[in-house]
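Peer 1: I need the structure of the sequence given here:
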Amino acid sequence: MRALVSNITDQDDSKASHHRTDLAPLVAQVRLAILAGLDEEFLGCEDVTSLQVTAAQFAIMRSVLSGTARSACELCKWMDYDRGAMSRMIDRLEAKNLIRRVPLAHTRRSVALEITTAGKAAIPKMEECLDRVIDRLLKGVTKAQVRELERVLKRILSNAKCP
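Peer 2: Numbers count the residues shown, from 1 in each chain. Below is the predicted model:
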């Protein structure tokens, strides 16, 4: 992260230093606010609370459904979880019939993940909860500011993929 923020150009060095010290913790705090808000929203939503799904489990379901990650190994890399924690979360989702492990035909050791029909039906309800959380967090933020934030975050992520 330091390498990313060290390239911030600013005419005032003290401002650049301020960004260097505050950016990473702010991004982490926003991430935590989203996850905590989503967990709270899930508990308050009658359609979702019965599923007993956490924000982290929802992130797994979304990434599998979208094709961002197709295996536990890919999920570990994408979400920065260790294998044991990821395996336990997948076990819980599988026990709730929201996700399933599917052995791959070309190898005995690899297993792909798929969203079940019940999981696919639950995703829109959980996404509505996410929308409410994001709407609350963006209260007082203009559409232009949201677009600019998205642009900056995408730029940061594209820089992270560079060697």
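Peer 1: Tell me where this structure has helices.
Peer 2: Remark: helices assigned in the chain by DSSP state H are 2-6, 13-44, 46-49, 55-66, 72-79, 83-95, 117-137, 143-160.
Peer 1: deepest of those, which one?
Peer 2: helix 55-66 (a mean of 19; mean count of other Cβ atoms under 10 Å). All C-beta atoms are positioned from the backbone trio N, CA, C, and that covers glycine.
Peer 1: Could you check how far the most centrally placed residue in the chain is from residue 103?
Peer 2: Closest to where the C-alpha atoms of the chain average out (Cα atoms, centre = their mean) is residue 59, at 5.0 Å. As defined by Cβ to Cβ, to the nearest Å, residue 59 lies at a distance of 24 Å from residue 103.
Peer 1: Residue 89 versus the residue nearest to the centre of the chain, what's the distance?
Peer 2: To residue 89, residue 59 is 9 Å away according to Cβ to Cβ.
Peer 1: Next: residue 145.
Peer 2: 34 Å.
Peer 1: Disregarding flanking residues, what is the spatial nearest neighbour of the residue nearest to the centre of the chain?
Peer 2: residue 79 (6.4 Å; Cβ to Cβ, 6 or more residues apart in numbering).
Peer 1: okay, that neighbour: pLDDT?
Peer 2: Per-residue pLDDT puts residue 79 at 86.
Peer 1: And it, how far from residue 66?
Peer 2: In terms of Cβ to Cβ, residue 79 sits 13 Å off from residue 66.
Peer 1: what does residue 52 give?
Peer 2: From residue 52 across to residue 66, the span is 23 Å (Cβ to Cβ).
Peer 1: Over to residue 36?
Peer 2: 23 Å.
Peer 1: Residue 125 now?
Peer 2: 17 Å.
Peer 1: try residue 147
Peer 2: Taking Cβ to Cβ, one finds residue 147 at 22 Å from residue 66.
Peer 1: Then residue 88?
Peer 2: Taking Cβ to Cβ, one finds residue 88 at 22 Å from residue 66.
Peer 1: Skipping its backbone neighbours, what lies nearest residue 35 in space?
Peer 2: residue 55 (4.3 Å).
Peer 1: Spit out the contact partners of the one you found.
Peer 2: Residue 55 makes contacts with 34, 35, 36, 38, 39, 42, as judged by Cβ atoms under 8 Å, 6 or more residues apart in numbering.
Peer 1: What's the separation between the fourth one and residue 55?
Peer 2: Distance, residue 38 to residue 55, using Cβ to Cβ: 4 Å.
Peer 1: Same check on the first one?
Peer 2: Going from residue 34 to residue 55 by Cβ to Cβ gives 7 Å.
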